[in-house]
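Trainee: below are the sequence and a predicted model; questions follow.
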Amino acid sequence: MGAVTGQKRARSKPAINSWGLILILVIVLTIANIVMMMTQPIDRINGELWLVNRVVSGQTVEASLVSNPNTTVQRIRLLGMSAPLKEQAPWGDRARQRLSDLIKEQKVILEFDVERKDKSDRLLAYIWKDNLLVNQYLVSEGLAIADPYPLNSKYDARLSRAQSKARLQELGIWDTQNPLRLSPRDFRRQLTN
């Protein structure tokens, strides 16, 4: 009857193992994140056109208003996120460099929320480059931490989702082999004490 002696029947392997499922999940989340970042139409953003002159850190830039080039250069703090300081090597330099690559000497739209300035007299803004919310992009790449700024909460949910995905994917500061040890806020507190 076709029985074969001395041979074991080959077991069928599952088509997708657990690592395959994780890889598929990461790919789907990455694609969803990119689509989410790119779906905010530029014409729905209520902001002002600025020219970025210099990137100071991963969360601060200097820029001037395009419509009035005679105005002084302003410092702008990106809302809803905190980037590591340069002393938090290598993360601070990576955040600053990525931000510089994205927007240095570029025209961007600054979108303001409830409070327009912080205690240090910096403008508080969300930065849009084309259809990309730069604040969210830095968080989604694991280069910054979602950090709500009281009263200014327009994009807190988006930034929080971006951070959750970056953590799941172990990107940047969330890399389990080389994580950021202290949050930027805790690191700044430690410096001042």
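Mentor: That came in fine, so what should we check first? Numbering: from 1, shown residues only.
Trainee: low pLDDT regions in this structure?
Mentor: 1-16, 30, 32-44 (pLDDT under 70).
Trainee: now with 50?
Mentor: 39-43 (pLDDT under 50).
Trainee: can you map out the helices along it?
Mentor: Assigned by DSSP state H, the helices in the chain fall at 18-38, 91-103, 134-140, 156-168, 184-192.
Trainee: now do residue 131 against residue 156, distance only.
Mentor: Distance, residue 131 to residue 156, by Cβ to Cβ, to the nearest Å: 20 Å. For every residue, glycine as well, the C-beta is placed using N, CA and C.
Trainee: returning to that earlier point: how about the helices of the chain in JSON lines, adding mean neighbour count?
Mentor: Formatted as JSON lines, the helices of the chain follow (neighbours: other Cβ atoms under 10 Å):
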{"stretch": "helix 18-38", "mean neighbour count": "12"}
{"stretch": "helix 91-103", "mean neighbour count": "20"}
{"stretch": "helix 134-140", "mean neighbour count": "27"}
{"stretch": "helix 156-168", "mean neighbour count": "19"}
{"stretch": "helix 184-192", "mean neighbour count": "13"}
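Trainee: among those, which comes closest to residue 148?
Mentor: Residue 148 lies closest to helix 156-168 among the helices of the chain, at 5.1 Å (Cβ to Cβ).
Trainee: now that closest one, how far from the chain's geometric center?
Mentor: How far helix 156-168 lies from its chain's middle: 8 Å, per Cα atoms, centre = their mean, to the nearest Å.
Trainee: can you name every helix or strand that it contacts?
Mentor: helix 18-38, helix 134-140, strand 145-146 (3 or more Cβ pairs under 8 Å, 6 or more residues apart in numbering; DSSP states H and E).
Trainee: these two touch, right, residue 111 and residue 50?
Mentor: No: in this structure residue 111 lies outside contact range of residue 50 using Cβ atoms under 8 Å: 10.6 Å.
Trainee: quick one: residue 149 and residue 78 touch, right?
Mentor: No: look at residue 149 against residue 78 with Cβ under 8 Å: they stay out of range, at 9.6 Å.
Trainee: out of the helices and strands packed on helix 156-168, nearest to residue 100?
Mentor: helix 134-140 (11.3 Å).
Trainee: hmm, who's touching that closest one?
Mentor: For helix 134-140, the surrounding residues in contact (Cβ atoms under 8 Å, 6 or more residues apart in numbering) are 33, 37, 58, 78-81, 83, 95, 98-99, 102-103, 108, 126-128, 144-146, 155, 158-159, 162-163, 165-166, 171.
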